[in-house]
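S.K.: Sharing a model that was predicted from the sequence below.
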Amino acid sequence: MTAVLVLLAIVAVIVFWGVGVYNRIIALRNYFENAFSQIDVQLKRRYDLIPNLVETAKAYMTHERETLEAVIAARNQAVDANKKVAGHPADSTAFKQMIAADGVLDASLGKFFALSEAYPDLQANQTMLQLSEELSSTENRIAFSRQGYNDSVMSYNVAIQQFPGSVVANSFGFKTAELLESTESPEERKAIKVAF
């Protein structure tokens, strides 16, 4: 009888331990999904600002129609990619597509702002200045949110990859989550040389 009680106690401890590990993994997954939703909020703000920015610039940049259309097309691609990820941030394929679309948008916005410098009247336009400042503020918020997301993903990934969490994670099909990484190539990361 004592052996049966000891065996039942051991089984109970293992079950409670497994439930605890499982609940911790669920909590960490929810934290990184929440962290992604914080990025999502800022990305939506960014996507809403871009058409206003382009509309303001249209009156001044009449010869740059191709650039303006490229910005809007890249924005629309990024919105679509973001929608696919928003419901399931753990979907690595959709996540990589979102990162790629975001990289295209960043490049087209960079070209847009570089070209806008050739239009002094546009640079002095109060609406353009306000929208540019709001976009810059939003970019800072996105960067901060991305850092929080990566921290949450790192905690989650560590929990499901380390023993004993890996046993529970593998049993219930938990997959590692993708970190948000720079879309720049190693060449683009090199310091820019400035000569006077």
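M.R.: Structure's in. What do you need? On a predicted model such as this, the values are computed, not experimentally measured, just so you know.
S.K.: May I ask which helix or strand of the chain has the lowest mean pLDDT?
M.R.: Confidence across the helices and strands of the chain bottoms out at helix 186-189, with a mean of 45, counting by mean pLDDT, DSSP states H and E.
S.K.: from the chain's centre, how far out does the longest helix along the chain sit?
M.R.: Secondary structure of the chain read by DSSP state H shows that its longest helix is helix 2-58. Using CA atoms, centre = their mean, to the nearest Å, the distance from the centre of helix 2-58 to the centre of the chain it belongs to is 15 Å.
S.K.: what is the mean pLDDT for that helix?
M.R.: Throughout helix 2-58, pLDDT has a mean value of 90.
S.K.: After it, heading C-terminal, what element do we hit next?
M.R.: Sequence order places helix 65-86 as the next helix or strand after helix 2-58, per DSSP states H and E.
S.K.: What are the buried residues along that following helix?
M.R.: If you call a residue buried by 16 or more other CB atoms under 10 Å, then helix 65-86 has these buried ones: 67-68, 70-71, 74-75, 77-79, 81-82, 85-86. The C-beta positions use only the backbone N, C-alpha and C, and glycine is treated the same way.
S.K.: List the contacts of stretch 47-60.
M.R.: If you take CB atoms under 8 Å, 6 or more residues apart in numbering as the criterion, stretch 47-60 is touched by 64, 68, 71-72, 75, 78-79, 82, 109, 112, 116, 119, 121-122, 125, 127-128, 131-132, 134-135, 138.
S.K.: now do 6 Å
M.R.: Counting by CB atoms under 6 Å, 6 or more residues apart in numbering, stretch 47-60 makes contact with 68, 71-72, 75, 79, 119, 121-122, 127-128, 131, 134-135, all of which sit outside it.
S.K.: right, and out of the buried residues of helix 65-86, which lies closest to residue 156?
M.R.: Comparing the buried residues of helix 65-86 against residue 156 with CB to CB places residue 85 closest, at 16.0 Å.
S.K.: ok, now how distant is the closest one from residue 8?
M.R.: Distance, residue 85 to residue 8, using CB to CB, to the nearest Å: 46 Å.
S.K.: Please apply the same query to residue 57.
M.R.: As defined by CB to CB, residue 57 lies at a distance of 73 Å from residue 8.
S.K.: Between those two, which has more neighbouring residues?
M.R.: The residue with the greater number of neighbours, taking residue 57 and residue 8 and applying other CB atoms under 10 Å, is residue 57; the counts read 24 against 10.
S.K.: Pull up the gap between residue 111 and residue 143, please.
M.R.: Between residue 111 and residue 143 the distance, using CB to CB, works out to 20 Å.
S.K.: Could you do residue 52 as well?
M.R.: Between residue 52 and residue 143 the distance, using CB to CB, works out to 21 Å.
S.K.: Likewise for residue 130?
M.R.: 21 Å.
S.K.: now swap in residue 118 and tell me
M.R.: Applying CB to CB, the value for residue 118 to residue 143 is 28 Å.
S.K.: same thing with residue 158?
M.R.: Counting by CB to CB, the separation of residue 158 from residue 143 is 23 Å.
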